[in-house]
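K.L.:
My questions concern the predicted model and sequence given below.
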Amino acid sequence: MKKTVVTLLCFVAISSAPVLAQPTFELTPFLGWRFGGGFDYTVTNVNVANNFDIKNDLNYGLIANIGFHEYFQLELLWDSQSSEINPKDPIAGLDMQPQLDLKIDYYHVGFVFPYPQGQLVPFSLFSLGVTTFYPEGDLDNETKFSLGGALGIKYFVNDRMGFRLQSRLMATSLGSDADVWCDPFGCWTFETRNWVTQIDVSVGIILKVN
């Protein structure tokens, strides 16, 4: 009898406790507008720093979300942009020619934190992955580590379809440079890290599978 009561109490406790629902899946093609970014390149023999600006342009891609809990999702992202690099005069700061075509692809894994409010779902996310730069001509492709973060909202028209509006920041590490600074008391070596930082605003259509 005692064992039966304990078993029954355990069953009631488990039944009344919140449980994880079956995973949900969202597929979101999106289109957006990305605001530039840029990076510095130093010609070592002449110690001249050149600045390269990435032109503002369209970005597009695909997001796959797997929901394990009401307040947590795992996200897989592919985000692509076809743009140009504008080299700048290191002294005057003006655009120079020629411009160079550049394609940028982001491949990220993200951690999404939704805050459901009925049909409206505000969310924040953090992501990490790699960025691949595809310059035109004979230049080599480059793949670098990158981080991302976003704030946005989802609005679900029904159980199967919704819209996603967000603003995302991406920061890609281009590595570090060692510099030496000297004064009358001695010299010090310090390291500076170069980052390409881009911001975009995008809208997507959510196709949801429960």
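P.N.:
The structure has been received and is ready for your questions.

K.L.:
On the strand side of things, show who the residue nearest the centre of the chain bridges to.
P.N.:
What sits nearest the mean C-alpha location of the chain, by CA atoms, centre = their mean, is Gly148, with 3.4 Å. According to DSSP bridges, the residues that bridge with Gly148 are Ser127, Met170.

K.L.:
okay but it is in contact with Leu128, surely?
P.N.:
Yes - in this structure, Gly148 is within contact of Leu128 by CB atoms under 8 Å, at 7.1 Å. Placement of C-beta: from N, CA and C, glycine included.

K.L.:
shared neighbours, those two?
P.N.:
Residues touching both Gly148 and Leu128 (CB atoms under 8 Å, 6 or more residues apart in numbering): His108.

K.L.:
So which residues of the protein form helices?
P.N.:
2-16 (DSSP state H).

K.L.:
For it, just list every one of the strands.
P.N.:
All strands of the chain, identified by DSSP state E, fall at 24-35, 38-43, 48-54, 57-69, 72-87, 100-114, 120-135, 142-156, 161-183, 186-209.

K.L.:
Low-confidence stretches in this structure?
P.N.:
Low-confidence segments of the chain, defined by pLDDT under 70: 1-21, 40-50, 87-98, 176-193.

K.L.:
Recalculate using a threshold of 50.
P.N.:
Scanning the chain with the threshold set as pLDDT under 50 gives 1-6, 8-20, 43-49, 91-94, 190-191.

K.L.:
and Thr172, what does it touch?
P.N.:
Contacts of Thr172 (CB under 8 Å, 6+ apart): 131, 144-146, 195-198.

K.L.:
Now with 6 Å, please.
P.N.:
Thr172 is in contact with 131, 144, 146, 196, counting by CB atoms under 6 Å, 6 or more residues apart in numbering.

K.L.:
partners of Tyr107 in the sheet?
P.N.:
Per DSSP bridges, the residues bridged to Tyr107 are Trp78, Val130.

K.L.:
Over to Ala64?
P.N.:
Ala64 has these beta-bridge partners by DSSP bridges: Leu27, Leu76.

K.L.:
Can I get the contacts of Thr172 in TSV including neighbour count and distance to Val203?
P.N.:
Formatted as TSV, these follow (neighbours: other CB atoms under 10 Å; distance: CB to CB, whole Å):
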residue	neighbour count	distance to Val203
Thr131	24	22
Lys144	15	27
Ser146	22	22
Val196	20	24
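
K.L.:
I'd like to know how far the closest residue to Ser82 other than its chain neighbours sits from Ser127.
P.N.:
Nearest-residue entry for Ser82: Lys103, 5.1 Å, with adjacent residues in sequence omitted and distances by CB to CB, 6 or more residues apart in numbering. From Lys103 across to Ser127, the span is 20 Å (CB to CB, to the nearest Å).

K.L.:
Could you check which of these two is surrounded by more residues?
P.N.:
The neighbour count for Lys103 versus Ser127, taken as other CB atoms under 10 Å, is higher for Ser127 (22 against 14).
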